[in-house]
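**Q** below is the sequence, then the predicted model.
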Amino acid sequence: MIKKQTGVLTKMSEKSLSAEFAKGLWDENPVFRQLLGLCPTLAVTNAVINGIVMGLATSFVLIFSSLVISSIKKLIPNQVRIASFIVIIATFVTIADRFLAAFFPPISKSLGPYIPLIVVNCIILGRQEAFSSKNPIRRSLIDALGMSAGFFLALLALSAIRELLGMGTFLGIQVLGAWFRPWIIMVLPAGAFITLGVLLSLALTIERKTRR
Amino acid sequence: MSLSLRMIAVLTAIGLLSGGFLAGVGILTQERIEWNKKQEIEAAILKVVPGTSQNTAFHEEEELTVYEAQDAQNSLIGYAILASGTGFQDKITLMFGTDPSLTRIRRLVILDQKETPGLGAKITSEEDFLRFWQNKDISQSLVLHKPAVASPDELAPIEVNTITGATISSEKILKIVNLSVERLKTLLDKETNGSVDQDV
């Protein structure tokens, strides 16, 4: 009887761990459902490579900050938690910034101030405050992985559409033929808002249809 | 431990650990970052003054560095001027090469810019912009040719081309180049006249 119950519990927690990961992809997707981190989402998605690197850098910061914060959450007094979170987040952001400047200088240059600005990305502080500071390490890691994947995919979708329509290329490789006249607006800020708007309405429509 | 002490202890510990960690990362990456910058400048000098085998920084000031480019026989074959100034969106950093007598621009390259993608960002394109800067006469100030032309042959020696839809970016570059040439001429004049004071 006890064995059976333990089995059920293990199964339940396994299921909820996978659900913890999956929620970041769709139900609580940082960009399409929570509308968080919109500054980098709009600003750097004019080329796929920028979207990918920004997605990876943000994931690195989110995953490691969540790991550290959930490990030391009991040591941090409630009154200074936000200050502590920010210092920890800023440490990982600086590491990401220096790493890119040292090993990928062209990308570091094209992302400009947006890498240091990950410090103020609401997704990261939001996950620490809402999740890592209240949950065990493993669960926090899964949550951070899911949110990172969700953010990464959202940036990839936006940048792929914008680069394809704005320049006719994907990752710098010409995809659309000479017949295609690039829609320059797509690589300008207005294009970012238009693409995000279309994708948001698409996400809402899918959500409504699947709920029915 | 009282709450205040705990708050101070935790924040201090986090600050110290984070600072120590970042100092380590800084030391590890510093050399590589400086090397990258040096490589970029070396590559740009070779591009704007072809045939350079060595270079020396002849003059450095805010937003302007002048390199003397020498060939394998140590004779001066031109100057490479690294300059920056405000563009349409943000700072533009560029480098151009001249002949030793400062009468012609050999080539221009853009090292850093954040102009509008698809419009002002065309300043980095060889086809749309840079090829119109080759072999320009700088014995007097350069001027912008408006509207844009399709071939460099349609321009007078002191004219440079405009980018359609990005006149401001084109003008800003012209301004950076003209000011740098003027400044370099003053510096060289001073040097020929035997003055060592480079502050004007």
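**A** Structure's in. What do you need? Predicted model, so just to flag it, every value in this text is computed and none were measured.
**Q** backbone dihedrals for the closest residue to B:Leu94 other than its chain neighbours, please?
**A** Excluding its sequence neighbours, the residue lying closest to B:Leu94 (Cβ to Cβ, 6 or more residues apart in numbering or on different chains) is B:Ile110, at 5.0 Å. From N, CA and C alone the C-beta is placed, and that goes for glycine too. The phi/psi pair for B:Ile110 (degrees, to the nearest 10) reads phi -100, psi 130.
**Q** so what's B:Ile110 up against?
**A** Taking Cβ atoms under 8 Å, 6 or more residues apart in numbering or on different chains, we find B:Ile110 in contact with B:92-94, B:123-124, B:130, B:173.
**Q** which of the residues you listed fall in helices?
**A** B:Ile173 (DSSP state H).
**Q** and the contacts of B:Ile110, which two are the farthest apart?
**A** B:Thr93 and B:Leu130 (14.6 Å; Cβ to Cβ).
**Q** rewinding a little: of the contacts of B:Ile110, closest to chain A?
**A** Comparing the contacts of B:Ile110 against chain A with Cβ to the nearest Cβ places B:Thr93 closest, at 10.2 Å.
**Q** am I right that the closest one is in contact with B:Leu111?
**A** Yes: the criterion here is Cβ atoms under 8 Å, and B:Thr93 meets it with B:Leu111 at 4.5 Å.
**Q** what's the overlap in contacts for these two?
**A** B:Leu82.
**Q** the longest strand along chain B vs chain A: in contact?
**A** When chain B is parsed with DSSP state E, its longest strand is strand B:76-86. No: Strand B:76-86 does not reach chain A (Cβ under 8 Å from any Cβ of the partner chain); its nearest approach is 13.7 Å.
**Q** all the strands of the chain, in order from the start?
**A** Since you didn't name a chain, this refers to chain A. A:169-170, A:173-174.
**Q** please refer instead to chain B.
**A** With DSSP E as the criterion, chain B has strands spanning B:54-61, B:64-70, B:76-86, B:91-98, B:104-112, B:136-137, B:143-145, B:159-161.
**Q** could you dump those strands to TSV with distance to A:Pro182 and mean pLDDT?
**A** Output for the strands of chain B, formatted as TSV (distance: least, Cβ to Cβ, whole Å; pLDDT from 0 to 100):
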stretch	distance to A:Pro182	mean pLDDT
strand B:54-61	39	89
strand B:64-70	36	93
strand B:76-86	28	94
strand B:91-98	23	94
strand B:104-112	21	93
strand B:136-137	30	92
strand B:143-145	25	91
strand B:159-161	21	92
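**Q** pLDDT score for A:Arg211?
**A** We have a pLDDT of 80 for A:Arg211.
**Q** counting by contacts, list what the helix ranked longest in chain A packs against.
**A** Counting residues, the longest helix in chain A under DSSP H turns out to be helix A:137-167. Judged by 3 or more Cβ pairs under 8 Å, 6 or more residues apart in numbering or on different chains; DSSP states H and E, the packing partners of helix A:137-167 are helix A:2-25, helix A:38-43, helix A:48-72, helix A:122-127, strand A:169-170, helix A:189-211.
**Q** show me which residues of chain A are close to chain B?
**A** Going by Cβ under 8 Å from any Cβ, the residues of chain A near chain B are A:46, A:75-77, A:79-80, A:83-84, A:87-88, A:90-91, A:94-95, A:98-99, A:101-103, A:105, A:109, A:112, A:166-167, A:182, A:184, A:187-188.
**Q** of these, buried ones?
**A** A:46, A:76-77, A:80, A:84, A:87-88, A:90-91, A:94-95, A:98-99, A:101-102, A:105, A:109, A:166-167, A:182, A:184, A:187-188 (16 or more other Cβ atoms under 10 Å in any protein chain shown).
**Q** list the neighbouring strands of the least confident helix or strand in chain B by mean pLDDT plus their orientation.
**A** Sorted by mean pLDDT, DSSP states H and E, the helices and strands of chain B end with strand B:54-61, the least confident at a mean of 89. The strands beside strand B:54-61 in its sheet (DSSP bridges) come out as strand B:64-70 (antiparallel).
**Q** tilt between the partner strand and strand B:76-86?
**A** With axes from the mean of the first three to the mean of the last three Cα atoms, to 10 degrees defining the directions, strand B:64-70 sits at 160 degrees from strand B:76-86.
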